[in-house]
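> predicted structure and sequence below. I'll ask about it afterward.
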Amino acid sequence: MQRDYFVLMRARSQQHPLLAWDQDYLSFLKPMPVDTCEPVKLKLGEPVPPRPVMVDHHSLPAPVVSPRLKDALAPLELHGVQWVPADVRVSDGDVRRYWLMHMWRQIRCMDRERSDFTAPPSGLFLLSLDRLVLDEAVLDAIPLQERLAFLLEEDTVHLFHRIVVDRVMGLTPSPEGLRFIPVPDWSDSSGFR
């Protein structure tokens, strides 16, 4: 099961901008769907590349995806994922429609015996997660359809099952701006490799 899950990471490119909120966003920090009828407002995050290249995936750090990725994934009816329209201000007069993948479903499934992490004495949150091993017993108890995509409760790690990864990576042309790293190959330094 460890190799059935992948961590979503942004591609290693200085030209693909990070995104930042251009409005209040506190409701998106809660593990529940948000009540919104208007597109959220996003902008390019600092440092803004001299010539930003807008691709299929940008990090908020929540995933923000192009319409084609959203259209490919929406039929999977991912439990715990809410698709929120997002207007990204790239420059004055250039606003592009993307989709915020609000992953409100959190699963506490880190194997604390086999993962490599640092926690404070309270143990309520992690200071660092160096190597992740999933607790397969926890995941086995949850129907597959309810764990195709979720946020690791112990840390801000977006996890996707192979079914989702295959759907995304099977698109033609290949999607840009993202990498899926198998959980056993992932570490906190994966963003720099």
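Thanks, I have the structure now. Numbers count the residues shown, from 1 in each chain.
> strands of this structure, start to end?
Secondary structure of the chain, counting by DSSP state E: strands at 5-10, 19-21, 40-44, 57-59, 63-65, 81-91, 94-103, 106-107, 116-118, 128-131, 149-152, 158-161, 178-182.
> let's have those in CSV, adding distance to residue 170, mean neighbour count and mean pLDDT.
Placement of C-beta: from N, CA and C, glycine included. Formatted as CSV, these follow (distance: least, CB to CB, whole Å; neighbours: other CB atoms under 10 Å; pLDDT from 0 to 100):
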stretch, distance to residue 170, mean neighbour count, mean pLDDT
strand 5-10, 14, 21, 96
strand 19-21, 25, 16, 97
strand 40-44, 27, 20, 98
strand 57-59, 15, 23, 96
strand 63-65, 15, 24, 98
strand 81-91, 19, 17, 97
strand 94-103, 18, 19, 97
strand 106-107, 25, 17, 96
strand 116-118, 33, 12, 83
strand 128-131, 29, 14, 83
strand 149-152, 16, 22, 96
strand 158-161, 14, 22, 97
strand 178-182, 12, 17, 96
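> between the ones you listed, which one is nearest to residue 75?
strand 81-91 (11.7 Å; CB to CB).
> any idea how far that closest one is from the middle of the chain?
Its chain's C-alpha centre and that of strand 81-91 lie 14 Å apart, by CA atoms, centre = their mean, to the nearest Å.
> other residues contacting it?
With CB atoms under 8 Å, 6 or more residues apart in numbering as the test, strand 81-91 has contacts from 19, 22, 33-34, 36, 39-44, 52, 54, 58, 64, 70, 74, 95-105, 149.
> coming back round to it: which one, of the strands of the chain, ends up nearest to residue 139?
Using CB to CB, these put strand 106-107 closest to residue 139, at 7.4 Å.
> tell me the strands beside the closest one, with direction?
strand 149-152 (parallel) (DSSP bridges).
> what sits up against the partner strand?
The contact list for strand 149-152 (CB under 8 Å, 6+ apart) reads 31, 78-81, 101, 103-107, 109-110, 132, 157-161, 164.
> how about stretch 41-57?
Contact with stretch 41-57 is made by 8, 10-11, 13-23, 60, 63-66, 68-69, 86-90, 96, 98, 100, 175-178, as judged by CB under 8 Å, 6+ apart.
> picking that back up, would TSV of the strands of the chain with distance to residue 188 be doable?
Compiled in TSV, those are given as follows (distance: least, CB to CB, whole Å):
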stretch	distance to residue 188
strand 5-10	10
strand 19-21	21
strand 40-44	25
strand 57-59	15
strand 63-65	18
strand 81-91	24
strand 94-103	19
strand 106-107	19
strand 116-118	9
strand 128-131	5
strand 149-152	13
strand 158-161	14
strand 178-182	12
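> closest to residue 189 out of those?
Taking the strands of the chain one by one with CB to CB, strand 128-131 is closest: 8.1 Å.
> just how off-centre is that closest one within its chain?
Taking CA atoms, centre = their mean, the mean C-alpha location of strand 128-131 is offset from the chain mean by 17 Å.
> same for that strand, what does it pack against?
strand 116-118 (3 or more CB pairs under 8 Å, 6 or more residues apart in numbering; DSSP states H and E).
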